[in-house]
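Asks: Predicted model and sequence below, questions to follow.
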Amino acid sequence: MSTIEFTLNGQSVEAPVGKSIFNIAKDLGIAIPHLCHQEGLAPAGNCRACVVEVAGERTLAPSCCRSATPGMNVQTNSERAVKSQKMVLEMLLADLPKQGHKWLDDRVEAPHGELSRWAEHLDVQVRPALADLCRNTVPADLSHPAMAVNLDACIQCNRCERACRDLQVNDVIGMAFRGARTQVVFDLADPMGSSSCVGCGECVQACPTGALMPKSHMGLQKVDREVNSVCPFCGVGCLVTYQVRDEKIISVKGRGGPANEGRLCVKGRFGMDYIHSTDRITKPLIRKPNVAKDLSLIDDYTDWREVFREATWEEALELASQPLNALRQQHGPKSLAGFGSAKGSNEEAYLFQKLVRTGFGSNNVDHCTRLCHASSVAALLEGVGSGAVSNPVRDVEHSDLIIVIGSNPTANHPVAATWMKNAAKRGTRIVLADPRITDIARHTWRNLQFKADTDVALLNAMLHVIVTENLCDETFLLERADNVAELKAHVQAFTPEAMSAVCGISAETIREVARAYANAKAAMILWGMGVSQHVHGTDNVRCLIALASITGQIGRPGTGLHPLRGQNNVQGASDAGLIPMMYPNYQLVTDKAAQDWFEKFWDTKLDDQPGYTVVEIMHKALAPESDPHKVRGMYIMGENPAMSDPDLNHARHALASLQHLVVQDIFLTETAWLADVVLPASTWPEKTGTVSNTDRTVQMGRQAVQPPGDAKPDLWIIQQIAARMGLHWDYAGEHYGVAAVYEEMRQTMAPAIGGIDWARLNAGSVTYPCVSAEDTGQPIVFRDHFPTADGRVKLVPADLIPAAERPDAEYPFVLITGRQLEHWHTGSMTRRASVLDALEPAATASMHGSDLQRLGLRAGDWVRIQSRRGQVQLLVRQDDGMPLDSVFIPFAYREAAANLLTNAAMDPFGKIPEFKYCAVQIHKTVTSNNA
């Protein structure tokens, strides 16, 4: 990097070419007042609080947007510069409401935030002549559930506008009118609550004066302490800072993590108060004698006291473990199973699977990856030898073409979507391939709205174009790929003309996109559960692997394959072995060498056969008594299969049929209603542990507050159950030995995280593979080889396989399920977050306007949607991004549980259910079934 020399405050300074005076001074510890400038935002230079004096120049220069040049002589603290800085601050301060204003807090030293702090720093006092010149009062806008707008305090620095436009790329905030009437507006001067604002709160974090602030800070801005941690929602892994007052988290700030650089979404910023919900379980609960496991109780919102009684921890732990021991002794190890959680820490996941394998005695352990990306992991392990992503999301900044397929990133991974939108603004072309046209389409180059269930047809047609037009990277294929000839021969029949009739995309468009992808200098593929949740999900991903491989679009910056992970630790939980066919670090339980190693390491004889997966366990719970592998007892930690499993009537019947069910959770979930013993657990902000995000980055979450009542950290509960199952564990240290558990797990996952010890994680985030203490981490993998037996990628051809259930005259619509921006997973957390529930309080079904008209429906009508397995009633909303003859239902609403309808048919490789496709019928109703 070339540098220049110049003089700063009388000292000779060497700095990189193009670096601003402001940032050079900051690096040297020189404080310059600033209000419109914020790290991460493009410099604007419009507040003039950061002016400095440059020798020989007539006017003062704004340091934030002025680069240093060779020989320049700069004074940040000259009499002239300081006088101007102070005048700017005084004029701005004089124009704002004084202390005592109803909006502000008299008890804080800096009622106007950064402006007050800089005024104090420079000892700025508002002269009496200016003291009464405060602008006319502007009514506060309190229309948004989370954020308050008080333009009385606005200094028009436009940080909010730049944060909204340049960082989040939501384009909601602008400046309107002229002169003294200039003001910040939302859309066309709409109230914030009725604007197109998505609630990310980036403007709140950017605002220097409190003109925009969380409602939780109104009237009292005091904070007792701040605690750094990781967001507990999706797999992006945003770093956060909890702001705690009176032992409650009152607000959340984004922190400069590798995945988010301070950015957050509405869930991460405003969804944390679920931990303080009055619905929290605060004491162990025991099912009362002779109270049947009535499935209707799940929907009837019965008072829990009619079903359960409170108990001490000692009694609850004994009543939880004794029947599990008895079932194991009477019916064998296969009679027990465990569901762990991807919402907890790596250490909890590791201990839970270790408990099932060494305490229960089988490999019947699984978690939610089975319901989201199991097919992706199966195909990736088969093809490239690793189930994780090849490149981090932020690597799209190095791409000139991005394919987003089967994913709605602005809703499901909003912060990841910001990096895609940022790339599009710089000229990167985005291709959206999905049956739905979603919000990311505002930023795309091409939208491939293919017919649901036809992923393989579209992808094979693209492969055909690349092969037949000689667009393959033959050098890459020769040196690094197997089964090339077989793949090339296979795709010959999948012409764009033939596949156009199948997938609904014109042959011309297929050819155009295939050529663009193959010819791109760097192209990246990101996908979601729209790819994986099919009976052909593994085949879908095989096609994506082939697409990246035959073009050589892997192993370099801006290229690769990235399955966007849904829950905060689904990557880490899988890595830690919370899956039935693999030990930690994806070592097969059928591999004799792996089994021998773990038997020695854990000092326990282990089962050498794969366990049952989530859906298979439900089937085994309903198996006849004669089945020697009938599942009779379960331990479920932090999962809610009574909402998340397909064909819920079947799943709930299976859970209710268990002889003994122990549920460890924070709320009385739909699953907990069917338990014999309920153990009150801890939320993410109530414990310390590590998580691994979708980018393979391991990060530290820290405890901010104590669990309520008698609720306990999950790590403690697992160890207590283990002790009563006859295991002799000893994990010493604070937070119930979390560091000791991590270090044990690290040994089982070497070399992947071999270089990441506990002390290193306390210092910051690290991306694996990280094989030694000297290794800085490897965000991009497969640069020169794949972790397969021969170091080469294996290409696997895929045929067209239809969905297990197709629409017909009786059930003419296709059901697609998924998440929405405001709610997450089964809703047990987000629907107890006050802001999130206020933004999306009711279950809705989205349909194209033409379908609504054809059925005689209008947005807001009640409809009954029925499949061959169940029915729900809910409100309908119009979404013209939906394909015709289809309906989308989010699965977070217990009163209209989408999975009552879905099909349990499974992908034969990943054993994942087909959530994204089944046949339904739709009828207008008068009212809801809860009216």
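Replies: Okay, I see it.
Asks: okay, CA-based contacts and neighbour counts for the rest of this
Replies: Will do.
Asks: A strand includes Ser846, no?
Replies: Yes. Secondary structure of Ser846 (DSSP: H, G, I helix; E, B strand; the rest coil): part of a strand.
Asks: wait, what's in contact with it?
Replies: Applying C-alpha atoms under 8 Å, 6 or more residues apart in numbering, one finds that Ser846 lies in contact with Val876, Arg877, Gln878, Asp879, Met882, Val887, Phe888, Ile889.
Asks: Tell me how far it lies from Leu815.
Replies: In this view, Ser846 and Leu815 are 10 Å apart by C-alpha to C-alpha, to the nearest Å.
Asks: who touches both of these two?
Replies: Taking C-alpha under 8 Å, 6+ apart as the contact rule, the neighbours common to Ser846 and Leu815 are Val887, Phe888, Ile889.
Asks: Name the nearest residue to Asn483, ignoring sequence neighbours.
Replies: The shortest distance from Asn483 to any residue other than its chain neighbours is 5.5 Å, reached at Leu795 (C-alpha to C-alpha, 6 or more residues apart in numbering).
Asks: ok, now Ala804?
Replies: The spatial neighbour of Ala804 that comes closest, neighbours along the chain excluded (C-alpha to C-alpha, 6+ apart), is Ala905 at 6.4 Å.
Asks: what ranges do the strands span in the stretch 351-500 of the chain?
Replies: According to DSSP state E, counting those that start in this stretch, the stretch 351-500 of the chain carries its strands in the segments 365-366, 401-405, 429-433, 446-448, 481-482.
Asks: What ranges does the stretch 51-200 of the chain have for its helices?
Replies: Listed from the start of the chain, the stretch 51-200 of the chain has helices (DSSP state H, counting those that start in this stretch) covering 79-94, 114-121, 159-162.
Asks: wait, the stretch 701-850 of the chain
Replies: According to DSSP H, counting those that start in this stretch, the helices that the stretch 701-850 of the chain contains are 714-724, 734-748, 758-763, 834-839, 849-854.
Asks: Return the set of buried residues in the third one.
Replies: Okay, so that is helix 758-763. Across helix 758-763, burial judged by 16 or more other C-alpha atoms under 10 Å covers Trp758.
Asks: And the longest one, by the same measure?
Replies: Within helix 734-748, the residues that qualify as buried are Tyr736, Val738, Ala739, Ala740, Val741, Tyr742, Glu743, Glu744, Met745, Arg746, Thr748, counting by 16+ other C-alpha under 10 Å.
Asks: could I get those as CSV with distance to Asp645?
Replies: Shown next, in CSV, are the buried residues of helix 734-748 (distance: C-alpha to C-alpha, whole Å):
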residue, distance to Asp645
Tyr736, 32
Val738, 31
Ala739, 33
Ala740, 34
Val741, 30
Tyr742, 30
Glu743, 33
Glu744, 32
Met745, 29
Arg746, 31
Thr748, 30
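Asks: Between those residues, which sits nearest Leu544?
Replies: Using C-alpha to C-alpha, Thr748 is the member of the buried residues of helix 734-748 that lies nearest Leu544, at 30.4 Å.
Asks: Out of the helices and strands in the protein, which is least certain?
Replies: Of all regular secondary-structure elements in the chain, judged by mean pLDDT, DSSP states H and E, the least confident is helix 297-300 with a mean of 70.
Asks: Give me the residue ranges of the protein where confidence is low.
Replies: 1, 97-110, 129-136, 299-301, 927-931 (pLDDT under 70).
Asks: ok, Phe888 touching Ile816?
Replies: Yes. The pair Phe888 and Ile816 passes the contact test of C-alpha atoms under 8 Å, sitting 4.8 Å apart.
Asks: longest helix in this protein, by residue count?
Replies: Counting residues, the longest helix found in the chain (DSSP state H) is helix 313-331.
Asks: tell me, what residue is most central in the chain?
Replies: When the chain is reduced to its mean C-alpha position, the closest residue under C-alpha atoms, centre = their mean turns out to be Cys234, at 1.7 Å.
Asks: Let me have the strands of the stretch 351-500 of the chain in a markdown table, extended by distance to Gln853.
Replies: Formatted as a markdown table, these follow (distance: least, C-alpha to C-alpha, whole Å):
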| stretch | distance to Gln853 |
| --- | --- |
| strand 365-366 | 44 |
| strand 401-405 | 29 |
| strand 429-433 | 26 |
| strand 446-448 | 25 |
| strand 481-482 | 51 |
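Asks: For Asp710, find the nearest of the ones you listed.
Replies: Closest to Asp710 of the strands of the stretch 351-500 of the chain, according to C-alpha to C-alpha: strand 365-366, at 27.4 Å.
Asks: what comes into contact with the closest one?
Replies: By C-alpha under 8 Å, 6+ apart, the residues outside strand 365-366 that reach it are 337-340, 353, 356-357, 578-580, 611-614.
Asks: go with 6 Å
Replies: Ala337, Gly338, Phe339, Leu578, Ile579, Pro580, Thr613 (C-alpha atoms under 6 Å, 6 or more residues apart in numbering).
Asks: Return the residues in contact with the fourth one.
Replies: Listed by C-alpha under 6 Å, 6+ apart, the contact set of Leu578 reads Gln353, Asp366.
Asks: The stretch 51-200 of the chain: strands as residue ranges?
Replies: 51-54, 61-62, 73-75, 147-149, 173-176, 183-186.
Asks: Just send the ones you listed back as CSV, with distance to Trp602 and mean neighbour count too.
Replies: Putting the strands of the stretch 51-200 of the chain into CSV (distance: least, C-alpha to C-alpha, whole Å; neighbours: other C-alpha atoms under 10 Å) gives the following:
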stretch, distance to Trp602, mean neighbour count
strand 51-54, 64, 25
strand 61-62, 63, 21
strand 73-75, 65, 20
strand 147-149, 51, 24
strand 173-176, 57, 18
strand 183-186, 59, 19
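Asks: now those strands in CSV, with distance to Leu477?
Replies: Below are the strands of the stretch 51-200 of the chain laid out as CSV (distance: least, C-alpha to C-alpha, whole Å):
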stretch, distance to Leu477
strand 51-54, 57
strand 61-62, 54
strand 73-75, 57
strand 147-149, 53
strand 173-176, 48
strand 183-186, 52
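Asks: what's the spacing between the residue nearest to Asn483 and Gly383?
Replies: For Leu795 relative to Gly383 (C-alpha to C-alpha), the value is 6 Å.
Asks: shared neighbours of those two, anything?
Replies: With the criterion set as C-alpha under 6 Å, 6+ apart, the contacts of Leu795 and Gly383 do not overlap.
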